[in-house]
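Student: Following is a predicted model, sequence given first.
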Amino acid sequence: MKKKGWLVMVLAGVMAGAAWGAEAKEEKAPEKAPEKAQVISYLGMKKCKMCHKNQYESWAKTPHAASLKNLAAAKPEAVQKMADALGVKIEGKPELAPACLSCHVTGYGLEGGYTVEKGKEDMSDAVTCEECHGPGSLHMKAKKEDKAKTIAGQPGEAKCRTCHTKEMSPEFDFKKYSEKGVHEHISKKK
Ligand code: HEC
Ligand code: HEC
Ligand code: HEC
Ligand code: HEC
C-alpha cells in the first residue's frame with residue numbers, strides 16, 4: 001500500500017512537471033496569435049459510417065444499436081427496476097426522460113448530441129461510435145495524417161463503466177462484455 005502511494009506521488013509529480021513544461025512552452029510563443037478555443041462536438045454516426053462502413057456494419061449487430069428502441073419498448077416493471085436502481089422517479093415515457101437518455105443515446109445534453117426533437121436525424125439515437133470514441137468533429141476535419149490523433153482510438157474498461165455502473169450493469173465483465181458489445185476490429189484482422 002505504502003509503496004503504491006509513493007509511486008502515485010512520484011507520478012503526480014512527473015505529470016505536474018509535464019503540465020508545467022507544456023504551459024511554459026505555450027508562454028514562449030507570443031509571435032503566434034492565440035488559437036481560438038476549439039469546441040469539439042458530436043457529429044452523429046451518419047458521418048462515421050461514410051469512412052468506417054465495416055465497423056458500422058459490425059456495430060449494428062451489437063446490443064448498443066438497439067439501446068433507444070429497447071428503452072422505448074421496455075415493460076413498466078423493467079423501467080421501474082432501472083429507475084429504482086438509479087434512485088430516480090420517471091413520469092411518462094422513459095424514452096423522453098433525461099435520466100434514462102443519458103446512457104441510452106449519444107451525446108445527450110452535449111454540443112451536437114442527441115435531442116428528442118432531432119430524433120434519428122443523424123443516427124445518434126443509440127449508443128453509437130462517439131459514445132466510446134468521443135466526439136468526432138475535429139477528427140472529421142483533420143488531415144489524413146492527423147486523423148488518429150483526433151479521436152480516442154482505444155476506449156477501455158473505464159469508458160464502458162461510465163454507463164456499465166455497478167447499479168445498472170452488475171454482471172459487467174470487461175472481457176466477456178467486449179466480445180458481444182464491441183464491433184470487430186477490422187483493421188487488426190489479417
Ligand atoms: C472523412 C473520412 C472519415 C470520417 C468521416 C471519420 N473517420 Fe475515423 N478515420 C479516418 C481515417 C483515414 C482513419 C485512419 C487514421 C490512421 O490510421 O492514421 C481514421 C481512424 C479512426 C479511428 C482509429 C484511431 C486510431 O487510434 O487508430 C477511430 C476510432 C475513428 N476513426 C473513429 C471515427 C468516428 C467515431 C467517426 C465519426 C464521428 C469517424 N471516425 C469519422 C477517416 C474518417
Ligand atoms: C448510467 C447509465 C444508465 C442509465 C442512466 C440508464 N441505463 Fe438502462 N442500461 C444501462 C446499461 C449499461 C444497460 C445494460 C446492462 C447489462 O445488460 O449489463 C442497460 C439496460 C437497460 C434495459 C434492458 C435492455 C434490454 O436489452 O432489455 C432497460 C429496459 C433499461 N436499461 C431501462 C432504463 C431506464 C428506464 C432508465 C431510466 C430510469 C435507464 N435505463 C437509465 C445503462 C443505463
Ligand atoms: C453510453 C453508455 C454506454 C457505454 C459507454 C457502453 N455501453 Fe454497453 N450498453 C449500454 C446500454 C444502454 C446497453 C443496453 C442496450 C440494450 O440492450 O438496450 C448496453 C449493453 C451492452 C451489452 C449487452 C449486455 C447484455 O446483457 O446483453 C454489452 C455486451 C455491452 N454493452 C458492452 C459494452 C462494452 C464492452 C463497453 C466499453 C467498450 C460498453 N458496453 C460501453 C450503454 C453503454
Ligand atoms: C462499445 C464501445 C464502442 C463503440 C460503440 C464503437 N467502438 Fe470502435 N472501437 C472500440 C474499441 C474497444 C476499439 C479497439 C481498441 C483497441 O483495443 O485497439 C475500437 C476500435 C475502432 C477503430 C480502429 C480500427 C479497428 O477496427 O479496430 C475504428 C476505426 C473504430 N473503432 C470505429 C468505430 C465506429 C465507426 C463506430 C460506430 C459505427 C464505433 N467504432 C463504435 C469500441 C467501440
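Tutor: Structure received. Numbers count the residues shown, from 1 in each chain. Ligands and ions are numbered 1, 2, ... in the order given.
Student: Does stretch 140-149 reach ligand 1?
Tutor: Yes: shown here: stretch 140-149 in contact with ligand 1 (C-beta under 6 Å from any ligand atom) through 140, 144, 147-148. All C-beta atoms are positioned from the backbone trio N, CA, C, and that covers glycine.
Student: So which bits of this protein are right by ligand 2?
Tutor: 70-71, 74, 78-79, 82-83, 86, 88, 90, 94, 97, 99-100, 102-104, 163-165, 168-169, 171-172.
Student: Would you mind naming what in this structure lies close to ligand 3?
Tutor: So the chain meets ligand 3 at 63-64, 66-67, 70, 103-104, 127, 131-132, 155, 159-160, 162-164, 177-178, 180-182 (C-beta under 6 Å from any ligand atom).
Student: if we go to 8 Å?
Tutor: 62-64, 66-71, 102-104, 106, 127, 131-132, 155-157, 159-164, 168-169, 171-172, 174, 176-182 (C-beta under 8 Å from any ligand atom).
Student: Show me which of these are buried.
Tutor: Buried members of these, counted by 16 or more other C-beta atoms under 10 Å: 62, 64, 67-68, 71, 103-104, 106, 127, 131-132, 160, 163-164, 172, 177, 181-182.
Student: And for the closest residue to I40 other than its chain neighbours, the neighbour number?
Tutor: Nearest residue to I40, sequence neighbours excluded (C-beta to C-beta, 6 or more residues apart in numbering): P135, at 4.8 Å. Neighbourhood size, P135 [other C-beta atoms under 10 Å]: 22.
Student: and what of the one 4 residues further on?
Tutor: In terms of burial, H139 registers 23 neighbours under the definition other C-beta under 10 Å.
Student: measure the residue nearest to I40 to ligand 1 for me?
Tutor: Distance of P135 to ligand 1, given as C-beta to the nearest ligand atom, to the nearest Å: 7 Å.
Student: Fine by me, thanks again.
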